[in-house]
Structure formats: C-alpha cells, structure tokens
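A.B. asks: A structural model of the following input is requested.
(one chain, ligands or ions: 1)
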Amino acid sequence: MQNILELKNIGYSYHSLQGETKALKNISFGVGEGEFVAVVGPSGCGKSTLLSIISGLLPPERGTIAVNNPDGSLHYPRVGYMLQRDHLFEWRTVYKNVILGLEINHMMTPERLAHVDQLLFDYGLDKFRDKRPSELSGGMKQRAALIRTLALDPQLLLLDEPFSALDYQTRLMVSSDICQLIRAAGKTMIIITHDLSEAISLADRVIILSARPAVVKMEVPIHLTLSDDSPLAARNAPEFQSYFNQLWEELGCERKEM
Ligand code: ADP
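C.D. replies: Below is the predicted model:
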C-alpha cells in the first residue's frame, strides 16, 4: 500500500501572552491509500492540533507533510472534516444542508448534484430531503453530515471525535454504520477518539500519542479475525481484548506521567 500522506518531524507550539504551550514534537507517520488510522492519546496532548495541521488549517511550525499520490502526482489530498457535532443548520432542509459545501465552494455542477442525489438515495435519506434536521434520528443526522462531506469528493476524511455527542447505544450503531459507508466509498480516514474500543473496532492501525508535547509513542496495527467485516462484529473478535489491554496499558503509563 502506497502512502498518500507522510508526516515528518511535525512540531507545533501555541504562543500567547502567558507563554508557550508545546503541543506536538517530532510527529512522524504515514497514511496509506484507503487506510483507516485511529489516533488516541491523553486529553490535551495535541490530537486536535495534529488534525488541524493535517487538514491544512494550521501550518506546522516544524517538519513537513509530504504527499505521494499513487499516480505519482504531488498535489495535497482533498480533505473532508467531520467534527464532534453534526453541525446541520435547522433553518435549512436536509437537502439544503447536504449541498452547503458545494454551494459555498461554487461547485454546484449537475454531476456533483447527481452524486448528492445518489448518496441520499443510497443512505436512505431521499425521503427526508425536505425535512429539517430536528426531524431526523441521531444516526440519520450523522449520515447527512457524511453526505455533506462526501459531496466535495474528499480523498482523505478527518474525523475529530465525531460520535462523542451520541449516547452509548446509538454511538455503537452509528460509528459502525458511518465507517462502513466511508470504507465502501473507498476513502482514507484518520479518526481521533478517546474510546479505545472504538479505535480497535474501526481502524487498521492505532497511533498512540504521548502526553503533551505529543510524540508517537507506539503504532499498533490491528488484525482481527472477523465473522463479517462490520466494526460491531470486530468487538467480538478473539484478539479484541488483548489489543484493548495493550492500548490501555500504554495510555495508563501516559496518565501516570502527566
Ligand atoms: P487534544 O485534542 O489532544 O485534547 P489539543 O490539540 O486540543 O489537545 O490541545 C493541545 C494543547 O494545546 C492543550 O494543552 C491545549 O490547552 C493547548 N491549546 C489548544 N489550542 C490552543 C490555543 N489556540 N492557544 C493556546 N493553547 C492551545
């Protein structure tokens, strides 16, 4: 698998009148085409900062982000961002919400609008296109948020604790559902989560960050024996518990050192 993104020695500090907060130090890792990577680490260690740098919102203070697309081109992958809340606007219909990104970016071409129609149909939301977000279930709102992101045809999806606003039961179903849809769409994903079970069940590889300033403490490739390939089934895989124990132990050391 070829890496589409390669982070080399990324460092970042926040500067304010109160002084300097070192967030990231020498972060290096690659992300393969189609790979799902989960990033876990103690609270406040710099996970969101890292995602902002990968998305291009924050320029890294030190280090480089190298891009190496499979076709040999060096353009930065188109990035889509999903945040902790779905951020659907109540004053717009579901349809008007999912085309918002296209509207803002002046990309309302017939092809892209047809793609949105297809996604609404595929994800079972076509009958809800004229409803308001409050009329949708938590899972349907996340699906709508995903369509809004996919409408811009990103190669790389960045998810910052996207399911943390949902109650536990809904979260299990929705995270499994959304990640299967992202896999089916052939996208690459980096997800930040503080839920170790979620990381193991969704990702091909888990990157553990140390306490601030964050360095990559360990990378754990996840290989589960699965009866079917849903993240929900992954939680019953025989290897699941030992991965959980390994991550828990590594993060436990970080908590003690904080
Ligand atoms: P995480 O996502 O792991 O919880 P963040 O990336 O949000 O961590 O933040 C890393 C550190 O940088 C924290 O100590 C946080 O308080 C600090 N920080 C984040 N944003 C700013 C900012 N705009 N100015 C100053 N410090 C910040």
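
A.B. asks: quick one: average pLDDT of the helix or strand harbouring Y12?
C.D. replies: Y12 is located in strand 3-16, with elements delineated by DSSP states H and E. For strand 3-16, the mean per-residue pLDDT is 92.

A.B. asks: ok, it: who's next to it in the sheet?
C.D. replies: Sheet pairing for strand 3-16, assigned by DSSP bridges, gives strand 19-32 (antiparallel), strand 62-67 (antiparallel).

A.B. asks: now the first one: buried residues?
C.D. replies: Read it as strand 19-32. By 16 or more other Cβ atoms under 10 Å, the buried positions in strand 19-32 come out as 23-25, 27, 29-32. Quick note: C-beta positions are derived from backbone N, CA and C, even for glycine.

A.B. asks: kindly report the same for stretch 56-65.
C.D. replies: Buried-residue list, stretch 56-65, by 16+ other Cβ under 10 Å: 58, 60, 63.

A.B. asks: end to end, how far does it reach?
C.D. replies: Stretch 56-65 stretches 10 Å from its first residue to its last (Cα to Cα, to the nearest Å).

A.B. asks: phi, psi for the most centrally placed residue in the chain please.
C.D. replies: Most central in the chain under Cα atoms, centre = their mean is L159, positioned 2.3 Å from the mean C-alpha point. Main-chain torsions, L159, degrees, to the nearest 10: phi -120, psi 120.

A.B. asks: tell me which residues touch it, please.
C.D. replies: When contacts are counted by Cβ atoms under 8 Å, 6 or more residues apart in numbering, L159 touches 81-82, 189-192.

A.B. asks: and what of F240?
C.D. replies: 197, 200-201, 224, 234.

A.B. asks: ok, now with 10 Å
C.D. replies: 197, 200-201, 222, 224-225, 234 (Cβ atoms under 10 Å, 6 or more residues apart in numbering).

A.B. asks: measure it to T193 for me?
C.D. replies: 15 Å (Cβ to Cβ, to the nearest Å).

A.B. asks: for the stretch 1-150 of the chain, what lies in contact range of the ligand?
C.D. replies: 14, 16, 21, 23, 41, 43-49 (Cβ under 6 Å from any ligand atom).

A.B. asks: now the two most distant members of those.
C.D. replies: Greatest spatial distance in those: S16 and G41, 22.1 Å, computed using Cβ to Cβ.

A.B. asks: whichever residue of the stretch 101-250 of the chain sits closest to the ligand: neighbour count?
C.D. replies: When scored by Cβ to the nearest ligand atom, the stretch 101-250 of the chain has R212 as its residue closest to the ligand, at 5.5 Å. The criterion is other Cβ atoms under 10 Å. On that basis, R212 has 20 neighbouring residues.

A.B. asks: same thing with T193?
C.D. replies: By other Cβ under 10 Å, neighbour count at T193 equals 22.

A.B. asks: now do the one 10 residues further on
C.D. replies: Burial of A203 is recorded as 25 neighbouring residues (other Cβ under 10 Å).

A.B. asks: so for it, what's the nearest residue that isn't a sequence neighbour?
C.D. replies: A38 (3.6 Å; Cβ to Cβ, 6 or more residues apart in numbering).

A.B. asks: sec struct for the one you found, please.
C.D. replies: strand (DSSP: H, G, I helix; E, B strand; the rest coil).

A.B. asks: what score does it have for pLDDT?
C.D. replies: pLDDT, A38: 97.

A.B. asks: do M258 as well
C.D. replies: For M258, pLDDT reads 46.

A.B. asks: same question for D153.
C.D. replies: On the pLDDT scale, D153 gets 88.
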